[in-house]
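In: give the three-dimensional model of this entry:
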Amino acid sequence: MFKIGTFYKCFKFSKYQELEDGLRDHCIKRQIKGTIILTPEGINATVSSDKDKALEDLNLYLNNLVGEVMFRFSFSNTSPFKRLKIKTRKELVPSGTNGKCFNHKGKYLTPAEWHNFVQDSKNIIIDVRNDYENKVGSFRNSISPDTKNFREFKYFLKKNKQNFKGKNIGIFCTGGIRCEKALYSFEKEGLTDIYQLKGGILNFLSESKDKSSWQGDCFVFDERVTVTEDLTPGDFRQCYACRRPLSKEDLKRSEYKKGISCHNCFLEKSDSDRIRYAERQKQFDMKKS
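Out: Sure thing, here's the model as predicted:
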């Protein structure tokens, strides 16, 4: 059984590059795989291991280096990651803005408080994730900005700010980090009554006793593709050409070719792209066999 830990921490992290080598050694010794992103505005990661206490040791290691880091756990029978990746970047999430997470503090709602908040029809609920994530599952009556990537979110707010003024707005994402980044864009448009789901969807599904306000699966950025409301791996697969999630019905469509295309990206990719993807899939199949 693999234990999966998701965490982030927003803080001014001027020496973020100095942590990389020691962190890599620590994870390799404990057979921890996953993705860890180190930036000047904090740390963001999802990691996993089947070794006893490996993630707890990592939690303590980070607490000693950067202060308290809260892990949220789930489980899978198979590893959700093939390797360990530690990346240094300028932003925790590419946003296309100048906002820094540690300069913008939100108003957090616990899962129980969030459940009550979304029941009130006077409140506006915005899913700050991308359109393909929203289609897999979301909170009932929430608004999707229909973005292809998070950098587009600021344009959605600019276009719709008049509809949101004077309203209590609840925002959510997978683990909470995109909500932290989105606060800058809300403030820039003069929207200040913003409440965010603490720990994101994953925390809600883990802690909430009443999950009736949620429907569908939650998209995750690893080999599981999605998780159910019980945080077990869902039935969706992923198109390795465009990274979008695919249902069982999607896999039966004529546009779907494993590793090459799906109905979402069939018209987006060129013939040369598909030739390249086909060769990549061929190499992958040979390696697997």
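
In: neighbours of residue 232, how many?
Out: 13 (other C-beta atoms under 10 Å). From N, CA and C alone the C-beta is placed, and that goes for glycine too.

In: can you pull the phi/psi pair for it?
Out: Per-residue torsions, residue 232: phi -90, psi 150 (degrees, to the nearest 10).

In: same check, this time on residue 18
Out: Dihedral angles for residue 18 - degrees, to the nearest 10 - are phi -70, psi -20.

In: now residue 173
Out: According to degrees, to the nearest 10, residue 173 has phi -150, psi -170.

In: got a list of what it touches?
Out: Residues near residue 173 by C-beta atoms under 8 Å, 6 or more residues apart in numbering: 127, 128, 129, 179, 182, 200, 201.

In: try 7 Å this time
Out: The neighbours of residue 173, taking C-beta atoms under 7 Å, 6 or more residues apart in numbering as the test, are 128, 129, 179, 200.

In: is it correct that the last one is in contact with residue 171?
Out: So that's residue 200. No. Assessed by C-beta atoms under 7 Å, residue 200 is found out of contact with residue 171, at 10.0 Å.

In: grab the longest helix from the protein for me.
Out: Counting by DSSP state H, the longest helix found in the chain is helix 271-288.

In: center of this structure, which residue is that?
Out: For the chain, the residue nearest the mean C-alpha position is residue 174 (4.5 Å; C-alpha atoms, centre = their mean).

In: for it, which non-adjacent residue is closest in space?
Out: Of all residues not flanking residue 174 in the chain, residue 200 sits nearest, at 5.1 Å (C-beta to C-beta, 6 or more residues apart in numbering).

In: so what does the one you found have for phi and psi?
Out: The phi/psi pair for residue 200 (degrees, to the nearest 10) is phi 70, psi -170.

In: domain parsing of the chain, as residue ranges.
Out: Domain assignment for the chain by automatic domain parsing gives 2-88, 101-218, 245-288.

In: now do the helices in the stretch 1-150 of the chain.
Out: In the stretch 1-150 of the chain, the segments counted as helices under DSSP state H, counting those that start in this stretch are 20-29, 54-66, 111-119, 131-136.

In: what average pLDDT does the shortest one get?
Out: Across helix 131-136, the average pLDDT comes to 96.

In: ditto for stretch 85-98
Out: 94.

In: switch to numbering from 166
Out: In the new count, where the first residue is 166, that last one comes out as stretch 250-263.

In: can you give me the end-to-end distance of it?
Out: 26 Å (C-alpha to C-alpha, to the nearest Å).

In: hang on, the earlier thing: who touches the residue nearest to residue 339 in this structure?
Out: Residue 365 sits in contact with 337, 338, 339, 340, 341, where contact means C-beta under 7 Å, 6+ apart.

In: can I get the residues you listed in a markdown table with distance to residue 298?
Out: Shown next, in a markdown table, are these (distance: C-beta to C-beta, whole Å):
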| residue | distance to residue 298 |
| --- | --- |
| 337 | 11 |
| 338 | 9 |
| 339 | 7 |
| 340 | 12 |
| 341 | 14 |
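
In: pick the one among these closest to residue 443.
Out: residue 339 (31.1 Å; C-beta to C-beta).

In: thought the closest one was touching residue 367?
Out: Yes. If you go by C-beta under 7 Å, residue 339 and residue 367 touch, sitting 6.3 Å apart.

In: list residues touching both of those two?
Out: Overlap of the contact sets of residue 339 and residue 367 (by C-beta under 7 Å, 6+ apart) consists of residue 383.

In: bridged to the residue nearest to residue 182 when sequence neighbours are not counted, which residues?
Out: Once flanking residues are discounted, residue 182 sits nearest to residue 253: 5.4 Å by C-beta to C-beta, 6+ apart. Taking DSSP bridges as the rule, residue 253 bridges to residue 203.

In: which one of the domains of the chain lies nearest to residue 390?
Out: The closest of the domains of the chain to residue 390 is domain 410-453. By C-beta to C-beta, the value is 5.4 Å.

In: switch the domains of the chain over to JSON lines; also include distance to residue 389.
Out: Below are those laid out as JSON lines (distance: least, C-beta to C-beta, whole Å):
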{"stretch": "domain 167-253", "distance to residue 389": "5"}
{"stretch": "domain 266-383", "distance to residue 389": "10"}
{"stretch": "domain 410-453", "distance to residue 389": "10"}
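
In: out of those, which comes closest to residue 396?
Out: It's domain 167-253; of the domains of the chain, that one is closest to residue 396 (C-beta to C-beta) at 4.1 Å.
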